[in-house]
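Chemist: below: sequence and its predicted model.
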Amino acid sequence: MATASTSRTAAPRRGPGLWRRFWGRWNQREGYLFIFPSFAHLLLFFLIPLGFSLWLSFHDWRGLVTRDIPFVGLDNYRFMIEDTRWWRAVRNTLYYTFVSVPLGMVVSLAIALVMNLKLRGVYLFRAMFFLPVVTSWVAVSIVWLWVLDGNIGLLNYGLGLIGIQGPRWLENPQTSMLALIIIATWKGAGFQMIIWLAGLQGIPRVLYEAAVVDGANRWQQLRYITLPMLAPTTFFLLITGVIGSFQVFTPVFVMTKGGPRGSTDVAVYRIYERAFVNFDFGYASALAWVLFAFIFTATLIQLWYMRRNLGRTYGSS
Amino acid sequence: MSTPVRRILALLTAAALVGAAGAQVTLNVIGFRVPPNEVGTPLDLAYQSFVAGFEVDNGVFVNALESPPDFNTFILTALASNTAPDVWAQDASSLAAIASTGQLLDMNVCRELVPSFDFERFFPSVLALHQGFEPGKTFGVPNDFTPMVIYYNPESFARAGVEIPTAANLSYEDFLELAQRLTLDTSGRNALDPAFDRANVEQYGYRVRRFPLDWMHWLWGNGGAPISPDGTTASGYLDSAASIEVITLLRDMVTVYGVSPSPSALDALQASLGFLDLFLTGKVAMFPRGHWELIGLQANANFTPERVGVMGNPYRTAPATVMFESGFVIPANIAPEKLEAACKFVDAATSPGYQDTKALTGIAISGNQAVAQAAIATAKLPAVEQAFFDQVQYGRPPYGALFPQYPAVETILQSMMEEILAGEDIQAAVADAVREINRELSR
């Protein structure tokens, strides 16, 4: 024992290198074989294109032909600074995000609170609310095109029954983005409801029982027990919601093509148009990386806020 | 002899020639095969007959492929990966984007290789679409084309008590007055009547839309243009007095004279009826469009030959029209052993025989002058066909045939007109567009 200890002290061995640690586990090498297909897929369809798009963002590649792709440094990023269409698209994306994320969370929480009650047929209703989640965005968009039609749409028909003249939702710049937000809320509510439900069912019953003993009413229970205890769920939905909203594309592509008058032109649609309509891949890649920077920054801010406030909620720093 | 039998004989002949002369040449061509739902139609048989005949005459195998959807993306990707077909039909409106890659063959090479292949068979104004990108070079030759014209419904004229103009092209003033006379409210008053009720229009005179293909000829007809002839700037062109004047006229047709439905009114009209229904049932008397619209019109349940007429575009300084065209091109890096066969194929495809199939599709006019002239007599609507033919002399290339950056410019022009038709200040909207276009062109 003493000898071994002395020996370690006298000649401290360097720890195994990364490669040795990675490859040195003979008995686990089969595992690498198992993850190889997934890794190859990740490499081929994600990591290489990711690196390529970063490389492209510093080059002028227009027209798909690979013969002449000059290095242009930061020109694509400089061009973006004065690109009014891009900044309008960013503004529209922020509007979409700041309205659709909170609205979706509130609506889905309300649904989850009801679905958390022990009601007859509650599982059927949960399944019904979840159905839009598993429906394709393209199919949803086409159905909503009809629902929102100004003349023959179901929504305006319903509004008409209660004496309200519905707008031409998708042809009016004042209402077109609102229409997309309504659709996104409807489509996403089921998924968020499930997450809320998981959070709700994780809250210990004893807290409510203690609150009842103390004379708390329903609202006070919600305000002082449910909402604070749902804080981790809230932040999860907030972060994933913001990331998803920044990337909104399919309903815009199918329903409005960024119109009318650019009112639904969002960041990803602008990138798509630059890349696949104008075949301006260098600039489109630069825009994509800037969008990534926005999303990354927004996520970091939320994580920082979450750590600070969740720590306070649970009494630790 | 039936077409399949001819094809088999062609292959046998080709095989015999292979045995005699070495490896057989296979030409991959796009656009000479119908989609599955059109197999057995006269067009399908005509394609098969043409391909089989070419194989027999030239001892090559033709691998005819159906044109894929989203063709521009397909062809650019194929060029990038060196898998492009040997011959295909390329839209002139995106020709510059392809030609700028340096991957199209100068067709003068074919003219030297194949003595029978001359350029005189083509309309000069249509061939010019292929010669504008680089002086002295001809990237492709015409397959078929259409000028943009004004469609009108003679029954709408009769309803308004207006004579159909005899002039091929009207002045702006005459056209505006015509559109005003054709615009009727529900009481039958026209737009020149002081009591005309703009809130209840039964028949509009004309359709103004935001799309540049609908109004480019208006700009040209007044001596205006969106960008300079060398494609370097919009300053002094889109914001010139001539351009502003005609943009104002188009806007006023919607907002001041009320002869065209506003974008939202048009959307409302089209919610229950397709636009061609609106036209054929007399809701809109005139609209600008190309030859391809005849297919939709003739397929419409409301169609009768008496409901469709065509006139040239109005103008102030000189008549003008945009020429939309599809031309045969060959990749510059075609295998040497295929080059002559590809040139011969283009020669055959632009000659009578294959070009006669244009009358079958009706989508556009043959690029071969003699074939196009002969088709007028046998057309279902000879007067309409003649009216198209008469406008060819005023044809100009679409900017996409000249400048590879034009798709981005077109997007800006469309947004500009959308803003203007929605009531934005013209000077401000044009100034914004000029600034944006200049940025694009400066890259």
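Modeler: Sure, I can see it.
Chemist: pLDDT weak spots in the stretch 201-317 of chain A?
Modeler: A:310-317 (pLDDT under 70).
Chemist: tell me the residues of it that contact chain B?
Modeler: A:259, A:260, A:261, A:262, A:273, A:276, A:277, A:278, A:279, A:280 (C-beta under 8 Å from any C-beta of the partner chain). Where you see a C-beta, it was placed from the backbone N, CA and C, and this is true even at glycine.
Chemist: quick one: buried ones out of those?
Modeler: A:259, A:260, A:261, A:262, A:273, A:278, A:279, A:280 (16 or more other C-beta atoms under 10 Å in any protein chain shown).
Chemist: what is the burial count for residue A:147?
Modeler: 18 (other C-beta atoms under 10 Å in any protein chain shown).
Chemist: and residue B:431, by the same measure?
Modeler: Neighbours around residue B:431, by other C-beta under 10 Å: 15.
Chemist: also residue A:134?
Modeler: Neighbours of residue A:134 (other C-beta under 10 Å): 8.
Chemist: how much space separates it from chain B?
Modeler: 28 Å (C-beta to the nearest C-beta, to the nearest Å).
Chemist: wait, what's in contact with that residue?
Modeler: Shown in contact with residue A:134 (C-beta atoms under 8 Å, 6 or more residues apart in numbering or on different chains): no residues.
Chemist: quick one: contacts for residue B:215?
Modeler: B:208, B:209, B:246, B:247, B:250, B:288, B:417.
Chemist: distance between the ends of stretch B:302-314?
Modeler: 27 Å (C-alpha to C-alpha, to the nearest Å).
Chemist: before we move on, what about stretch A:37-48?
Modeler: 15 Å.
Chemist: from chain A, how far off is residue B:318?
Modeler: 32 Å.
Chemist: same thing with residue B:267?
Modeler: Where chain A is concerned, residue B:267 sits at a distance of 5 Å (C-beta to the nearest C-beta).
Chemist: with residue B:180 instead?
Modeler: Residue B:180 is 27 Å from chain A, by C-beta to the nearest C-beta.
Chemist: might one say that that residue is in contact with residue B:192?
Modeler: Yes. Contact criterion C-beta atoms under 8 Å: residue B:180 and residue B:192 qualify, at 4.9 Å.
Chemist: out of the residues of the stretch 201-317 of chain A next to chain B, which comes closest to residue B:98?
Modeler: residue A:279 (10.3 Å; C-beta to C-beta).
Chemist: show me what contacts the residue nearest to the closest one when sequence neighbours are not counted?
Modeler: The shortest distance from residue A:279 to any non-neighbouring residue, by C-beta to C-beta, 6 or more residues apart in numbering or on different chains, is to residue A:63 (5.2 Å). Shown in contact with residue A:63 (C-beta under 8 Å, 6+ apart): A:279, B:76, B:97, B:98, B:100, B:101, B:404.
Chemist: mind doing that once more with 10 Å?
Modeler: A:278-281, B:76, B:79-80, B:96-101, B:103, B:404 (C-beta atoms under 10 Å, 6 or more residues apart in numbering or on different chains).
Chemist: neighbours around residue 52, how many?
Modeler: I'll assume chain A. That count, for residue A:52 with other C-beta under 10 Å as the rule, works out to 12.
Chemist: please refer instead to chain B.
Modeler: 21.
Chemist: the one helix or strand it maps to: which residues count as buried?
Modeler: Residue B:52 belongs to helix B:42-58 when assigned by DSSP states H and E. Going by neighbour count (16+ other C-beta under 10 Å), the buried part of helix B:42-58 is B:44-56, B:58.
Chemist: of all pairs in these, which one is the farthest apart?
Modeler: B:44 and B:58 (21.6 Å).
Chemist: tell me the pLDDT at residue A:191?
Modeler: At residue A:191, the model reports a pLDDT of 95.
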